[in-house]
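> This is a predicted model, with the sequence first.
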Amino acid sequence: MLNVAVLGFWCGTFISYALMIGYLANGVDIWALPIPIIILITAFIYPLVGKKNYYCTNICPCGSLQELVGKVNKWYRWRMSTEVVQALNRFREILWALLLMLMLLDITFKWMDYEVFSAIIIQSASWIVLTLGIVFLLFSFFVPRPYCCFLCSTGTLFKIAQNSKF
């Protein structure tokens, strides 16, 4: 809860594609932004030492909030077949590839404005993002971290980094 309150609602600190693109385009001032840099390093390094999904579950305010909401409902969970889970994972990977291709071809970066993470910063989030955030929170009562597991493009990038062989 502290993670959601402090990193999420109070600081608005989380890793998103918009943040990473900003770092790539404008460089990184390590002294001005130590917390996001530490979080970014943690997101990529922890999986290398066996802590897969550590960032998504324990550090990301959006993932932590979904995790907390999921713990409220102890009575009923939707049971998804292996085929449905595989199809949703495939969809997430295809979506990630499509969004990456749009960025690389310099067609649009606009999709980053609709990352659900920004719903945590209520004052600046659009009504579309707030609505998406609420929908995914409601789904979190029945499915563990639905946005993280089946749609999050940043999480997909982390998962690819986790599964790559160096």
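Yep, it's here.

> Need the per-residue pLDDT for Asn73.
pLDDT, Asn73: 80.

> Pretty sure it sits against Phe141.
Yes. Assessed by C-beta atoms under 8 Å, Asn73 is found in contact with Phe141 at 4.5 Å. (Each C-beta comes from the backbone N, C-alpha and C, glycine too.)

> Just the buried residues of the helix or strand that contains Leu99, please?
Element membership of Leu99, judged by DSSP states H and E, is helix 82-104. By 16 or more other C-beta atoms under 10 Å, the buried positions in helix 82-104 come out as Leu88, Arg92, Leu95, Trp96, Leu99.

> elements contacting that helix?
With contacts taken as 3 or more C-beta pairs under 8 Å, 6 or more residues apart in numbering; DSSP states H and E, helix 82-104 sits against helix 146-150, helix 153-163.

> May I have that helix as PDB, with CA atoms only?
Once non-C-alpha atoms are left out, helix 82-104 reads as follows in PDB (Å, rounded to 0.1, in the frame of the first residue of the first chain):
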ATOM      1  CA  THR A  82      -4.500 -22.400 -20.900                       C
ATOM      2  CA  GLU A  83      -5.600 -21.600 -24.400                       C
ATOM      3  CA  VAL A  84      -7.200 -18.300 -23.400                       C
ATOM      4  CA  VAL A  85      -4.100 -17.300 -21.400                       C
ATOM      5  CA  GLN A  86      -1.800 -18.200 -24.400                       C
ATOM      6  CA  ALA A  87      -4.000 -16.200 -26.800                       C
ATOM      7  CA  LEU A  88      -4.000 -13.200 -24.500                       C
ATOM      8  CA  ASN A  89      -0.200 -13.500 -24.200                       C
ATOM      9  CA  ARG A  90       0.100 -13.700 -27.900                       C
ATOM     10  CA  PHE A  91      -2.100 -10.700 -28.300                       C
ATOM     11  CA  ARG A  92       0.100  -8.700 -25.900                       C
ATOM     12  CA  GLU A  93       3.200  -9.600 -27.900                       C
ATOM     13  CA  ILE A  94       1.600  -8.700 -31.200                       C
ATOM     14  CA  LEU A  95       0.400  -5.400 -29.800                       C
ATOM     15  CA  TRP A  96       3.900  -4.700 -28.500                       C
ATOM     16  CA  ALA A  97       5.400  -5.400 -31.900                       C
ATOM     17  CA  LEU A  98       2.800  -3.200 -33.600                       C
ATOM     18  CA  LEU A  99       3.400  -0.300 -31.200                       C
ATOM     19  CA  LEU A 100       7.200  -0.700 -31.500                       C
ATOM     20  CA  MET A 101       6.900  -0.700 -35.300                       C
ATOM     21  CA  LEU A 102       4.800   2.500 -35.200                       C
ATOM     22  CA  MET A 103       7.500   4.200 -33.100                       C
ATOM     23  CA  LEU A 104      10.400   2.900 -35.200                       C
END
